[in-house]
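Engineer: just coords:
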């Protein structure tokens with residue numbers, strides 16, 4: 001089987017160009033937000049994050065506020081929400097419940113959502 005010789009310099013230059021463009025512009029998420037990573041972006045910090053089992057199909061984030069002021073909502077996709085619990089007052093673990101204050105429009109959204117089960121007793 002014939003082999004093709006590749007110039008290592010050209011390969012690295014091509015790889016660097018593609019990888020740099022990928023890191024620089026990551027595209028849009030489902031919420032329509034665009035994220036960019038530039039030379040000034042600090043990627044050295046660490047945080048403790050939790051994934052919650054609700055997303056934009058369930059609730060719009062502007063109508064929610066965690067009751068624990070030390071929690072920050074980071075991101076939400078269609079079916080999950082990511083929060084930063086690095087500075088949380090409580091030591092959260094898997095399965096714990098996290099409370100949110102809900103604005104009126106948020107309650108209206110929940111009551112009209114096809115993705116939320118409603119039980120009337």
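Structural biologist: Structure received. Everything numeric here is computed off the predicted structure, so don't read it as measured data.

Engineer: Could you measure from residue 39 over to residue 74?
Structural biologist: In this structure, residue 39 and residue 74 are separated by 23 Å, where distance is defined by CB to CB, to the nearest Å. (Each C-beta comes from the backbone N, C-alpha and C, glycine too.)

Engineer: The two: which has the busier surroundings?
Structural biologist: Applying other CB atoms under 10 Å to residue 39 and residue 74 shows that residue 74 carries more neighbours, namely 13 against 5.

Engineer: Pull up the pairing partners for the strand or helix carrying that one, direction included.
Structural biologist: Assignment of secondary structure by DSSP states H and E places residue 74 within strand 72-76. Within its sheet, and counting by DSSP bridges, strand 72-76 is paired with strand 81-84 (antiparallel).

Engineer: For the helix or strand following the partner strand, list every residue counted as buried.
Structural biologist: Next along the chain after strand 81-84, taking DSSP H and E as the criterion, comes strand 100-102. Within strand 100-102, the residues that qualify as buried by neighbour count (16 or more other CB atoms under 10 Å) are residue 100.

Engineer: now strand 100-102, how far from the chain's geometric center?
Structural biologist: What separates the centre of strand 100-102 from the centre of its chain is 19 Å, taken as CA atoms, centre = their mean, to the nearest Å.

Engineer: Check which helices and strands that strand is in contact with.
Structural biologist: Under the contact criterion of 3 or more CB pairs under 8 Å, 6 or more residues apart in numbering; DSSP states H and E, strand 100-102 touches strand 64-66.

Engineer: Which residue ranges of this structure form helices?
Structural biologist: 8-24, 104-112 (DSSP state H).

Engineer: and these, which one is worst for confidence?
Structural biologist: Within the helices of the chain, the least confident segment by mean pLDDT turns out to be helix 8-24, at a mean of 52.

Engineer: Go ahead and confirm residue 60 touches residue 106.
Structural biologist: Yes - between residue 60 and residue 106 there is a contact at 6.8 Å, judged by CB atoms under 8 Å.
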